[in-house]
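In: coordinates only, sequence not included:
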């Protein structure tokens, strides 16, 4: 699809100019005020809390901030194309941009997964730091350039929960043969520990867990999990979610169409992606905190921490998965993995004494109001 | 100062309209394209890394995204008014907005400190979550309304370092009589533990530490501290910085002038504050990680963790400081403190099993590349 300029708007401008004594140079502002409509496909169900509503909010903000010069219409998963055809929908011109997550496109380039979620990798804030000030964005640009796309950081859901389990995890051996619904690199690592990994669309998980067809599932975190009602059919809610420590979304656009926009509209668009990125993370943090209280107090959910020996085996298995990505032979995948691992070293060392060190000390025993 | 519309711009529009057969209704777009120039005062030295440069970046982004319809000129501390007169400079019309931190204005309302930094309080992300989705912004609006101001979240520097010390902290008693440069609520709490608290402007700290006039100082984190060279005159670099767990900045504007802007310019401004908030945090995370490596590897800085018994006494002293704020008798201070403490309960419980739980597990012993 080509960028669509409303004919009526153009015509109206031209008529006004014509009426105003035919000063043709006055036509320029009319064209500059030309209105562009973009179709944004998403990989989320319509109005899905946090993800779908974030996509809506972003579209509304761009439309309002550009005073309608760029208006964005949102299509939920399946409305225009099936969710996992969103990437191709842009390259073939059926859509102009997408609100999605880079780890949905390993078949385009395996390195894209680093911009979304890596087991035992960067948190959401760390991913943003790496992308904005650690060279990550530049490598992402190189990868997406090959497809005529330009990607913007779309915010992070924060650390997810390890998932809902009907069997207890007592150590690395206890998960052998356990059947879990978990996608991505985290699932690959768990496969190395002997788990049976299945993929199910969101709508089928509840029934599968209820019937015992699967023993466990991950989804997102308390906010989304509460809405799905998994607490009704699962015994334990395990943490921490090592498989997705700060799942980062993307707002990715047809690069040619983007660079054809007026410079100020480009800048507004870019600022709106960063603003949405901040809002999305704030919303997930706030809603997860509120939903967790409800799950524990109202639904008596049993929280369990994954045992250390299991976590260590899981960490080593995840390391093997990352090593395989380093060894794929694709130079861009290697470049992104190498840059990511450098950021991981620096940011893990910093956060040990910063956020992590602070939050651990905050849980010590002392008197505090509230 | 009144919002300034460039006379030449207006005149040019009027002339063009006049030439175009006197269609007076065409004047409207010319006025809508009127250019406004705002003076932004800041509490930071000129181009101060992270804070001053963040203010510059925000001003540049607003100017570019509005295509100059709203251009913002930045004044460093002291250029237009002394830094701590920034708040009053807006209310008396000498400036239009400021890039500052809410904890600089306890003399306006003690409750403002909650929007910046509270010892043993919320991290940067948690503060954003509380302000955007936990009711914080609404109370801030109520407080600032009394002064004709409107505040926007300006991003967080992240957890700061506890500071540079020339004496060792071995327990709560070891700090009695120790002389430290530390402002704010954290300093008040340390005073309760018997420390002597002094206030010194940034430029005088190095010499005071070198001469032994003070035993310790806090500043920001590795990025800013490296630039100041404190490692040359201090023995130990202590963590974690319980006094400022996610210092949050503000971009605060004359409310009347803000609401007089065209709606789309208002929206651009707001999106740019959120975008800057995301960028500032990402920049501090990335630069702190890089600077910490330099401090340790190149300058052999000795990192020390504050001992648990000291942290517990410090936590209880901080709790007393917060209780005193709850008891000031000012209803708005009480409202903000109560809302803050509710968010603290929810978000501490969530992060225990999310970011904090994740980061602790990430430090376990396992094999991982990089």
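Out: On my side now, so go ahead. Only a predicted model underlies this, so the values are computations on that prediction, with no experimental measurement involved.
In: Any residue of stretch A:204-219 touching chain B?
Out: No - applying Cβ under 8 Å from any Cβ of the partner chain, one finds that stretch A:204-219 is not in contact with chain B, the shortest distance being 13.6 Å. Placement of C-beta: from N, CA and C, glycine included.
In: what's the first-to-last distance across that stretch?
Out: Using Cα to Cα, to the nearest Å, the end-to-end distance of stretch A:204-219 comes out at 12 Å.
In: Quick one: residues in contact with it.
Out: For stretch A:204-219, the external contacting residues (Cβ atoms under 8 Å, 6 or more residues apart in numbering or on different chains) are A:160-167, A:178-182, A:186, A:198, A:200, A:202, A:225, A:228-230, A:232-234, A:241, A:243-244.
In: buried stuff in it?
Out: Within stretch A:204-219, the residues that qualify as buried are A:205, A:206, A:208, A:209, A:214, A:215, A:216, A:217, A:218, A:219, counting by 16 or more other Cβ atoms under 10 Å in any protein chain shown.
In: repeat for stretch A:63-71
Out: A:63, A:64, A:65, A:66, A:67, A:68, A:69, A:70, A:71.
In: likewise stretch A:113-133?
Out: Residues of stretch A:113-133 classed as buried: A:113-133 (neighbour count, 16+ other Cβ under 10 Å).
In: Mind checking if that stretch is in reach of chain B?
Out: Yes - using Cβ under 8 Å from any Cβ, a contact is recorded between stretch A:113-133 and chain B, made by A:120, A:123, A:125, A:126, A:128, A:129, A:130, A:131, A:132, A:133.
In: could you point out which element follows the helix or strand containing the third one?
Out: Which is residue A:125. Counting by DSSP states H and E, the element that carries residue A:125 is helix A:124-133. Taking DSSP H and E as the definition, the helix or strand that follows helix A:124-133 towards the C-terminus is helix A:136-145.
In: angle of the helix or strand just after that following helix against helix A:136-145?
Out: Using DSSP H and E, the next helix or strand after helix A:136-145 towards the C-terminus is strand A:149-156. Between the axis of strand A:149-156 and that of helix A:136-145 there is an angle of 130 degrees, by axes from the mean of the first three to the mean of the last three Cα atoms, to 10 degrees.
In: okay, which residue is most central for chain A?
Out: Nearest to the geometric centre of chain A sits residue A:249, at 2.3 Å (Cα atoms, centre = their mean).
In: I'd assumed it was in a helix, is it?
Out: No - if the criterion is DSSP: H, G, I helix; E, B strand; the rest coil, then residue A:249 is strand and not within a helix.
In: neighbours around the nearest residue to it once chain neighbours are set aside, how many?
Out: Nearest residue to residue A:249, sequence neighbours excluded (Cβ to Cβ, 6 or more residues apart in numbering or on different chains): residue A:154, at 3.3 Å. Taking other Cβ atoms under 10 Å in any protein chain shown as the neighbour definition, residue A:154 ends up with a count of 26.
In: could you list every residue that touches residue A:154?
Out: A:54, A:58, A:99, A:101, A:248, A:249, A:250, A:251, A:273, A:276, A:277, A:280.
In: so how far is residue A:317 from the fourth one?
Out: Which is residue A:101. When Cβ to Cβ, to the nearest Å is the yardstick, residue A:101 and residue A:317 sit 22 Å from each other.
In: Could you pick out the residues of the stretch 151-300 of chain A near chain B for me?
Out: For the stretch 151-300 of chain A, the residues found near chain B under the criterion Cβ under 8 Å from any Cβ are A:158-159, A:161, A:221-222, A:239-242, A:245, A:262-264, A:267-268, A:270-275, A:277-279, A:281-283, A:285-290, A:292-293.
In: For residue B:286, see how far away residue A:346 is.
Out: Here residue A:346 is placed at a distance of 8 Å from residue B:286 (Cβ to Cβ).
In: Take the residues of the stretch 151-300 of chain A next to chain B and keep only those in strands.
Out: Mapping these onto strands (DSSP state E) picks out residue A:239.
In: Put the buried members of the residues of the stretch 151-300 of chain A next to chain B into a PyMOL selection.
Out: With 16+ other Cβ under 10 Å as the criterion, this PyMOL line picks the buried residues out of those:
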select buried, chain A and resi 158+159+161+221+222+239+240+241+242+245+262+264+267+268+270+271+272+273+274+275+277+278+279+281+282+283+285+286+287+288+289+290+292
